[in-house]
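*Asks:* Sequence first, then the predicted structure:
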Amino acid sequence: MNGNTHGNAPAELCEGDLDLYTRALRQGRVPADEADGAAHLVGLGLLNPALDDPSQWEPVAPHIVLHRLLRASADRIAGERRREERLVEALEPLMRAGRHDDVSTTSLITLHSGRQRIDRVIDEAMADAGELLAIQPHKSYTHPKPDWQEAAIRRDQALLDRGGRIRALYQHTVRHSPTLAARYERLTGDVEARTLDEITERLIVVDRAVAFVPADTDRTSALEVRHPALVRYLATTFDRLWRLATPMYPQAVRRPTLNGVTPRQRAIAALLVEGHTDAVIADRLGMNVRTARVHIAKIATTLGSGSRAQLGYLIGQSGILDQES
């Protein structure tokens, strides 16, 4: 341990200091010229010059030394505390401002876990809503449970009964889905549905004020977004996809077949040219792999292809991807 002092801070006692102080206590005094550390102990208040002989050092009683050193230590601690108070006084306003920002951000983006919890907060957001924008990929509506389907229909119809409107985007693969058709036949009001080959993950925007997006791949967690800039961005994305989509309900627009290639097959052909596997193509277009492979075989027959590599070349040469779908 270091025996030096630093400012007003009491120094620690090293082994040599304690040995010298113990010898002084035992002998009553020690010669100043024989003790290299005597001056240091005098500075710490452990030794004092003898009144009758300045060349000798007498020990101060241990209880007095301890009290003096503890008081010096307490003074030093009190000084540090006063310094802490000054730092807090100077920086706490900035810390409060930072916490305010954090709380605001947290309240604008909330994570919800569990499907029941997610359905409940969506119901709460739609309780007095006047507009619903929804993107529903194929995983969102594959074999929905009857009770969930009924609850969703009641919720949507309540919005329509208030004079609200619903706009929903799906993938082209559901255009002939009897389940989806039956659902829309039960709704009355300002409701429309359109389809695209590919859409985003599930999105729900309520009154352009709050949005819900998945927080994981299995849709057991969701983010409730109330940040105005983010909600506006998501609503704008929906609007642009909507303008590109093909009407499905209440009046369906037939998607034309060109040169023997159906619209769905053109979508598959575009992904084939990009080099995607059958599984990826099926997932992106909302169909099973077997259906995707049937369409790929039909494209190959139509274009006279004998291999997968040749098929990609023939698709590019045929010009079918340059035609309006």
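*Replies:* Ah, there it is. Numbering: from 1, shown residues only.
*Asks:* so where is the stretch 51-200 of the chain shaky, pLDDT-wise?
*Replies:* Residue ranges of the stretch 51-200 of the chain with pLDDT under 70: 95-106, 139-148.
*Asks:* and with 80 instead?
*Replies:* Applying pLDDT under 80 to the stretch 51-200 of the chain picks out residues 51, 54-55, 65, 67, 69, 72, 84-85, 87-89, 91-107, 138-149.
*Asks:* which stretches of it form helices?
*Replies:* For the stretch 51-200 of the chain, applying DSSP state H, counting those that start in this stretch gives helices covering 62-108, 115-125, 138-141, 146-161, 178-185.
*Asks:* looking at these, which is closest to Asp52?
*Replies:* Among those, helix 62-108 comes nearest to Asp52, with 20.3 Å by CB to CB. All C-beta atoms are positioned from the backbone trio N, CA, C, and that covers glycine.
*Asks:* mind checking how far the closest one is from the chain centre?
*Replies:* In terms of CA atoms, centre = their mean, to the nearest Å, the centre of helix 62-108 is set 33 Å apart from its chain centre.
*Asks:* Make 23 the starting number, not 1.
*Replies:* I'll keep to 23 as the first residue from here, and by that count the last item is helix 84-130.
*Asks:* Who are the packing partners of that helix?
*Replies:* Using 3 or more CB pairs under 8 Å, 6 or more residues apart in numbering; DSSP states H and E as the contact test, no helix or strand touches helix 84-130.
*Asks:* Any chance of TSV for the helices of the stretch 73-222 of the chain, columns distance to Asp305 and mean neighbour count?
*Replies:* Listed next are the helices of the stretch 73-222 of the chain as TSV, based on distance: least, CB to CB, whole Å; neighbours: other CB atoms under 10 Å:
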stretch	distance to Asp305	mean neighbour count
helix 84-130	32	11
helix 137-147	21	15
helix 160-163	9	17
helix 168-183	23	14
helix 200-207	19	14
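*Asks:* how about TSV for the ones you listed, with distance to Thr324 added?
*Replies:* Below are those laid out as TSV (distance: least, CB to CB, whole Å):
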stretch	distance to Thr324
helix 84-130	51
helix 137-147	43
helix 160-163	25
helix 168-183	38
helix 200-207	29
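*Asks:* which one of those lies closest to Leu294?
*Replies:* Closest to Leu294 of the helices of the stretch 73-222 of the chain, according to CB to CB: helix 160-163, at 19.5 Å.
*Asks:* Now for Arg262, how many residues are close by?
*Replies:* 10 (other CB atoms under 10 Å).
*Asks:* Kindly apply the preceding question to Leu252 instead.
*Replies:* If you count neighbours by other CB under 10 Å, Leu252 ends up with 15.
*Asks:* repeat for the one 4 residues further on
*Replies:* For Leu256, the tally of surrounding residues (other CB under 10 Å) stands at 21.
*Asks:* List phi and psi for it.
*Replies:* When read as degrees, to the nearest 10, the backbone of Leu256 gives phi -70, psi -40.
*Asks:* quick one: contacts for it?
*Replies:* Leu225, Val227, Ala233, Val235, Val247 (CB atoms under 8 Å, 6 or more residues apart in numbering).
*Asks:* For those, pick the one with the most neighbours.
*Replies:* Val227 (26 neighbours).
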